[in-house]
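Engineer: with the sequence up front, the predicted model follows.
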Amino acid sequence: MNVIPTTINEFFNSIGGAFAFCWIQENTSEMAFRKAKFSILKYDWQIIDIEESPIEVSRSDFIDKDIGLENYDKAQAEGLAIVYAAWSKDGKTVMGPIKLKPSYTINLSNYLSEIKRHRKNGRCLHFEAGNRCNEYINAHSIQNKGQLEQIAENGHVYGVSNNYTDIIKNKGRVSYKKIGIKTISTFLGFCKNHDNELFEPIDNFPLKPINQQVMLYGYRSLCRELFVKENSLNMIKKQLASDISNETIKSYLCALDTGLAFGLTNLQAHKNIYDRSLKNEYYDDIRFVLFTSDQKQTIAFSGLMYPDFDFTGKQLQDLSDHTSCLDLITFCSAPMVNGWGFLFAWHQSRSKVCSMFMNSLKIAINESNRCEDYLFRLVVNSENIAISPIWWEGLTEDDKVKILNRVSDSVDFLSDISSSYLTNGLEGLSSWNFKNVITNVQD
Ligand SMILES: [Zn+2]
């Protein structure tokens, strides 16, 4: 690409222009181009024109080409490599190779400590929270007893790593690491009294299921998401308040801020609906579909989603349309008397999209008979997940990579969500087997 330095580029006064040569490791040329473009803009350049569109290359193309080979290998290892061949403004000055510094860099280590600091900011999200709430506890969003203890080995499970060293080591890709069950899935979103009192029917009893239990599972997923998203929004606001002169970074953060705020408004609206039902102790407005298994549980999870594409790849709602209210469905694993269950739940008053979403699952299962694959794809996209070490370590390296690539793609901000992210991939990896479906939804 033909580029010129922007006014905030450290070489604005000395460099007239440059050619940017890019080696990008990506699945499609479109994604490779998008990634290269973002990276160039991030380093305070303006793109004047595209000299050559992305083409697929292999290592053999660069044999005997020092710089080419070096950067090909760098892209293989790190995801991308960009080299600028620049000319000076005065046409005379000559410089050797230098490492460029962008005007804006995020201090990852500070950023991660800031996340930790937010996580420690306890508050009570109970529908009757007030002055009497104190002693916020690190409540498990996935039960310790009955779930985490069941799948753990020596008190540990695998979960998504937020560790600085792991993130650097994996070049920003997602990795799983062993985490103690005392800390995984916990959040400071309830005071001790409210947590103990409200969730007693699900923390001390297996899922039968009765409507009250289902509503509580849904409510806990909702509150946890609200807690996490409130923290994320505060983080973004803080970053935006710092002086960012790079327009690409600034507009990226602004878009993130708008998206998060919109998601949070919707979460709060859904929580209000649940709050009212729980306050009135009226649980019959909850709708659920439960898949039951008599196997030993291998993965525990609790999450929610605004269904965007259904299980056949059809679009259900447009998450970028911020003028409408989004429908939301929660999903989690739950211990049962014999085995465990995969529970979907939603509130009757917001059921349009959820009904269509679940109907598409029915259609997909009828066609393929592989219910487990559909549910597994949904779960690996969730970040609030605890994995049995025995199961994870028993997978082949290839299968682990397939799963981690899938997770990483789902959080890559430059990737578009594929309409088929629930329809195919990761077939046969879950080793799950569901026996029955229980629901209170009437056809
Ligand atoms: Zn409270």
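Structural biologist: Arrived safely, thanks for sending.

Engineer: and the closest residue to Trp340 other than its chain neighbours, what pLDDT?
Structural biologist: Counting by Cβ to Cβ, 6 or more residues apart in numbering, Trp340 lies nearest to Gln297, which is 4.3 Å off, once chain neighbours are set aside. Using the backbone N, CA and C atoms, a C-beta is placed for each residue, glycine as well. For Gln297, the pLDDT comes out at 96.

Engineer: same question for Ile4.
Structural biologist: 93.

Engineer: which residues does the residue of the stretch 301-443 of the chain found nearest the ion bridge with?
Structural biologist: Here the stretch 301-443 of the chain gets closest to the ion at one residue, Ser302, 19.8 Å apart by Cβ to the ion. Per DSSP bridges, the residues bridged to Ser302 are Cys332.

Engineer: how much space between Asp73 and Ile67?
Structural biologist: Distance of Asp73 to Ile67, computed by Cβ to Cβ, to the nearest Å: 11 Å.

Engineer: correct me if wrong: Asp44 contacts Val3.
Structural biologist: No: using Cβ atoms under 8 Å, Asp44 is not in contact with Val3, being 9.9 Å away.

Engineer: more neighbours: which of those two?
Structural biologist: Legend: neighbour count by other Cβ atoms under 10 Å for Asp44 and Val3, higher for Asp44 (25 against 22).

Engineer: what sits against that one?
Structural biologist: For Asp44, the contacting residues are 5-6, 8-10, 102-103, 246, by Cβ atoms under 8 Å, 6 or more residues apart in numbering.

Engineer: which helix or strand contains Pro346?
Structural biologist: Wrong residue type there; residue 346 is Trp, not Pro. Following DSSP states H and E, one finds Trp346 within strand 340-347.

Engineer: residues touching that strand, excluding its own?
Structural biologist: Counting contacts by Cβ under 8 Å, 6+ apart, the residues outside strand 340-347 that touch it are 147, 207, 209, 214-215, 217-218, 270, 273-274, 277, 285-293, 295, 297, 327-334, 354, 358, 375, 434, 438.

Engineer: just give me how far it sits from the chain centre.
Structural biologist: Using Cα atoms, centre = their mean, to the nearest Å, the mean C-alpha position of strand 340-347 is found 20 Å from that of the whole chain.

Engineer: again, but for stretch 277-290
Structural biologist: Distance of stretch 277-290 from the chain centroid (Cα atoms, centre = their mean) equals 27 Å.

Engineer: mind starting the numbering at 359 from now?
Structural biologist: Fine by me, first position is 359 from now on; the one you just mentioned is stretch 635-648.

Engineer: endpoints of it, how far apart?
Structural biologist: End-to-end distance for stretch 635-648, by Cα to Cα, to the nearest Å: 21 Å.

Engineer: with stretch 507-518 instead?
Structural biologist: Stretch 507-518 has an end-to-end distance of 18 Å (Cα to Cα).

Engineer: for that stretch, buried residues please.
Structural biologist: Of all the residues in stretch 507-518, those buried under the rule 16 or more other Cβ atoms under 10 Å are 508-510, 514-518.

Engineer: how much space between the residue located most distally from the centre of the chain and the ion?
Structural biologist: In the chain, counting by Cα atoms, centre = their mean, Lys450 sits farthest out from the average C-alpha position, at 49.7 Å. Lys450 sits 71 Å away from the ion, going by Cβ to the ion, to the nearest Å.

Engineer: which among the contacts of strand 698-705 count as buried?
Structural biologist: Buried by 16+ other Cβ under 10 Å: 505, 565, 567, 572-573, 575-576, 628, 631-632, 635, 643-651, 655, 685-692, 712, 716, 733, 792, out of the contacts of strand 698-705.

Engineer: what about the residues you listed, which are in helices?
Structural biologist: Taking DSSP state H, the ones among these that sit in helices are 572-573, 575-576, 628, 631-632, 635, 712, 716, 733.
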